[in-house]
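> quick one: sequence plus predicted model below, questions after.
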Number of protein chains: 2
Amino acid sequence: MAKTTFEEISAADFFYRNRDIAGFTNPSRAIFAAVRELVENSLDAAESLRMPPNIYVRLSYEGEAGKETQIYRLRVEDNGIGVPPRHIPSAFGQVLFGSKYKLKQQRGTFGLGGKMAILYGQITTHKPACIISSTGASKIYRCRLMIDIQRNRPLILDRKVLINKERWRGTIVEFCLEGDYFRAMPKILEYFKQTAMVNPYANLTFVDPRGRLYKFTRVTKEMPDPPRETLPHPYGVDVELLQRLIQVTPYRNMLEFLRYHFHRVGEITARKFLEFSNISPSKNPKKLSHEEIVRLMHMLKKFGEFLPPDASCLSPLGEELLKAGVLKELKPEFVAVHQRKPSTYAGHPFIVEVGIAYGGEIPKKGNFLIYRFANRIPLLYDEASDVSVRVVNSMNWRRYKVMPDMPTAILVHICSTKVPYKTVGKEFIADRPEVRREIANGLREVARRLQRFLTRREHVDRERKRLGVFSKYLPKIAQFSAQLAGKEKLPDVKKLLRSVKKFGAKET
Amino acid sequence: MAKTTFEEISAADFFYRNRDIAGFTNPSRAIFAAVRELVENSLDAAESLRMPPNIYVRLSYEGEAGKETQIYRLRVEDNGIGVPPRHIPSAFGQVLFGSKYKLKQQRGTFGLGGKMAILYGQITTHKPACIISSTGASKIYRCRLMIDIQRNRPLILDRKVLINKERWRGTIVEFCLEGDYFRAMPKILEYFKQTAMVNPYANLTFVDPRGRLYKFTRVTKEMPDPPRETLPHPYGVDVELLQRLIQVTPYRNMLEFLRYHFHRVGEITARKFLEFSNISPSKNPKKLSHEEIVRLMHMLKKFGEFLPPDASCLSPLGEELLKAGVLKELKPEFVAVHQRKPSTYAGHPFIVEVGIAYGGEIPKKGNFLIYRFANRIPLLYDEASDVSVRVVNSMNWRRYKVMPDMPTAILVHICSTKVPYKTVGKEFIADRPEVRREIANGLREVARRLQRFLTRREHVDRERKRLGVFSKYLPKIAQFSAQLAGKEKLPDVKKLLRSVKKFGAKET
């Protein structure tokens, strides 16, 4: 008889065995993933302090590895908040440990990327990672570590404490990894370019293995309002969440429980809801039975009068910035941007921003050029499965007189306290119906504006042609009629021409 | 100053927070994912015993949930190997615990799907799951459990031991979950249909919430050779794996270490490799330094003389079965199938089987119809990002005179000890270069055969037209010439017609 052996594996072991799901599919994607994960952590670390980020990334060649791969040393420095010394080993050497597990718009969401990069470096080069960090106090902490994958714990090789004379604040991560930079290069450069486009307040410096310097300098020091941590919205709760809240709540009655643990539930709404769901306001939440909790969850979802989630916890780009980014990057003839009102999926607030750009320097490709962003990071891989691309492909563009073979670029930015990524590698966004609807409505709006522009341009073109005909023949007719009438002086054709002009079209 | 809080979350908590990455994106996909994960576990459980699987799936309506969702009770019964009683709670109530963490071709690979289904049921209905299992011995074990998500441990509500008079063997899993069956229905039925197509030795019964019975009866009791557990191939090792092997090895010299821990390394190959990499055969592997381990890994990848992985540990469908499946399912005019030789990516052996079918009942869609399978399970979602679809889209089909608007279906089956899925939900396969190459080569082969068929048919068509012209005019010419020559009897035109016939084309 066949024997089945059962075993438990650690979370680090799981991701070690399944690096594909975290974006570390092949040497080219691995090096891309490592760079982006660390850059995104650095952007988050600086923004949480409201500091314009200064990020320095250096990739240097260390030696040959396989037939097509090399060993690189990756170093990422930031001026972020720094990691408290006692958390450094776990924050970089333990999977599923981190500061990202809360309801807040941030780039990192899984608390996984940085560690996966270090883990990937370790299994391909077996060299320790070096972390240097300071929160700006009197000491700088330096730690060399590896990851004990089977136990999912950091292995500290050595630690050092340095004096922080200059009160430096930030984090430096440095480690070696195997990769294929030359295949990854176009994506990495595109990544920096697009990141700079939606983070115009950041300084990004990248030194590539050949020593070439790519510098993306900030154009403004003004930063959008930082995203804030928020409470769960009642539409998105599940039983597990209710139970966790009940476990920790200090409140002894349902009214206060609802008011203080949920997003946008005030006293009036809470009272209305309790009446709607026939629960006594003075009921102690800790005394709810299992069945009552399940019923509470269903009632929360059915009650139609909760306010939509508040956008103030989100930090979208804004139409101005979006437009500026598109104009700067794509130099189109026409651009329309639109920010949707905040919406919610599974209780997570999100805002969709879309843009459409036409003509100018946008190339004709036979397909729409699609730029995808989520929480201000560009998404560059696996575009075919992304919800934005699916919406674009399923839209009836003909209705808007827009054809895929026109030089058109589409930009979609989703920001949310929880972006519904489909993969841990944050390559694309799942097809949630609420998100899909917002994207579709946003695109319809900008498509209509593009249509108006195109229609108007068509009119203008037609008018220009009409005027062209007039201006070609009127002088001749004037000449002939003057001759016929035996007059010397020709009538003033220009006046006539002006009188038939519509739309303020230019004369040809 | 901003405060950063660090915390550790359990693996169950991670997947609870990120169910999108495990396929539980929305109520429709969640119910599909729950069904498939349990069916696949059941197929694996029966096959590991070499028993033709009997699987019974029932989905019954339990009540309304949200606006568009309902509560369903899902029950899946199999005649598989059964779960040993002491492992039942963890096998169903603890994420990253299971029997799937080995190098063997099996449907499940993450040890996650069944638990995710139960976890999803729990957070949407808060009802316990009920597991009944027996390994065929004198007792049947019944266990009702929930998952403690924060600690990632099963919570046992009650256990019961029953007498197994009839020596029943198998597992029954039953739990409630919220879902949208009517939206999921087409995919679920397609899933059963395609699963039956590539598992012709299985009995699948599905009772849907309206009580409709779908029965897929086995057409054969013969099962392909079961896949076997295998050793890692030297091309695919990384430092972590080498270290784990060194930790557990009982062998005291490198020669034996290589021979007994790696796939297809015999004494001669091991000696050659050790000479190539300048390592003494008598060196104790436990005494390798870190640098030597890294060097060993690189040398293993560089050495060109390891035998390719042995296909005997894999269990592909086989060309016969594949062809039969395609003919039965698609009823085409032409079909070509091809099994590639075993290959390897990152040390995991894999076999690609492809098929192309043309004409007959295949609809004209403007696109190729693509069927994707991995380890004998159909993949139905997120096809746009799948490596097979990408290969199909990037191929120069014109070279083979095949156009996307022809009624053409393409089938790709990948079997491997480790399918490089991109998501934990097993929706699509990552774009590994080795896998891509095998698929491309396989498709080229069947495309060539389709081209030969099409060219031949074109010739035949042309010939048929030519003969049509002859057979239309020759009798007239014969008649006229007979009249002109004043003869009564016409010459035998048929003989003449036969003499100009090529290719054995039918006369019109």
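Nice, I can see it.

> what's the domain layout of chain A?
Domain ranges of chain A: A:11-216, A:234-302, A:312-453, A:457-499, per automatic domain parsing.

> Serialize those domains to CSV and add fields for mean pLDDT, mean neighbour count and distance to chain B.
C-betas here are computed from N, CA, C, even on glycine. Shown next, in CSV, are the domains of chain A (pLDDT from 0 to 100; neighbours: other Cβ atoms under 10 Å in any protein chain shown; distance: least, Cβ to the nearest Cβ, whole Å):
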stretch, mean pLDDT, mean neighbour count, distance to chain B
domain A:11-216, 90, 21, 4
domain A:234-302, 91, 17, 4
domain A:312-453, 88, 20, 3
domain A:457-499, 82, 12, 30
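
> among those, which comes closest to residue B:46?
domain A:11-216 (24.9 Å; Cβ to Cβ).

> helices or strands up against the helix or strand containing residue A:447?
Per DSSP states H and E, residue A:447 falls inside helix A:433-484. On a contact count with 3 or more Cβ pairs under 8 Å, 6 or more residues apart in numbering or on different chains; DSSP states H and E, helix A:433-484 meets strand A:334-339, strand A:343-345, strand A:348-358, helix A:387-394, strand A:408-416, helix A:493-499.

> please name whichever of the ones you listed is nearest to residue B:406.
Residue B:406 sits nearest to helix A:387-394 of all the helices and strands packed on helix A:433-484, at 22.2 Å, using Cβ to Cβ.

> neighbouring contacts of that closest one?
A:368, A:370, A:372, A:383, A:410, A:412, A:414, A:428-432, A:435-436, A:439-440, A:443, B:384 (Cβ atoms under 8 Å, 6 or more residues apart in numbering or on different chains).

> and if we set it to 6 Å?
A:368, A:370, A:372, A:383, A:410, A:412, A:429, A:431, A:435, A:436, A:439, A:440 (Cβ atoms under 6 Å, 6 or more residues apart in numbering or on different chains).

> with respect to residue A:344, which of the residues you listed is nearest?
residue A:435 (10.0 Å).

> if I pick the closest one, what's in contact with it?
Each residue near residue A:435 by Cβ under 6 Å, 6+ apart is listed here: A:345, A:387.

> start to end distance for stretch A:418-434?
Start-to-end span of stretch A:418-434 (Cα to Cα, to the nearest Å) is 13 Å.

> which outside residues touch that stretch?
A:21-23, A:110, A:112, A:343, A:345, A:348, A:374-375, A:381-382, A:385-387, B:20-21, B:25, B:423.

> if we can go back for a sec, how far off centre is the helix holding residue A:447?
Centroid displacement of helix A:433-484 relative to its chain, using Cα atoms, centre = their mean, to the nearest Å, is 36 Å.

> list the beta-bridge partners for the nearest residue in space to residue A:416 that is not next to it in sequence.
Leaving aside its sequence neighbours, residue A:416 sits nearest to residue A:350 (Cβ to Cβ, 6 or more residues apart in numbering or on different chains; 3.5 Å). Assessed by DSSP bridges, residue A:350 has beta-bridge partners residue A:343, residue A:416.

> I figured residue A:350 was touching residue A:412, is that so?
No. Applying Cβ atoms under 6 Å, one finds residue A:350 not in contact with residue A:412, separated by 11.9 Å.

> how about the helices of chain A, start to end?
Taking DSSP state H, the helices of chain A run over residues A:11-17, A:27-47, A:88-93, A:113-125, A:181-198, A:239-248, A:254-261, A:267-276, A:290-302, A:319-330, A:387-394, A:433-484, A:493-499.

> can I get the ones you listed in a markdown table with distance to residue B:150?
Formatted as a markdown table, these follow (distance: least, Cβ to Cβ, whole Å):
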| stretch | distance to residue B:150 |
| --- | --- |
| helix A:11-17 | 14 |
| helix A:27-47 | 25 |
| helix A:88-93 | 18 |
| helix A:113-125 | 21 |
| helix A:181-198 | 35 |
| helix A:239-248 | 7 |
| helix A:254-261 | 17 |
| helix A:267-276 | 27 |
| helix A:290-302 | 16 |
| helix A:319-330 | 40 |
| helix A:387-394 | 30 |
| helix A:433-484 | 27 |
| helix A:493-499 | 78 |
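
> so which of these is nearest residue B:151?
Among the helices of chain A, the nearest to residue B:151 by Cβ to Cβ is helix A:239-248 (12.2 Å).

> and residue A:398, how far from residue B:470?
Going from residue A:398 to residue B:470 by Cβ to Cβ, to the nearest Å gives 49 Å.

> report the beta-bridge partners for the residue nearest to residue A:111 when sequence neighbours are not counted.
Distances taken as Cβ to Cβ, 6+ apart put residue A:98 closest to residue A:111, at 3.1 Å, once the chain neighbours are dropped. Note on residue A:98: beta-bridge partners residue B:7, judged by DSSP bridges.
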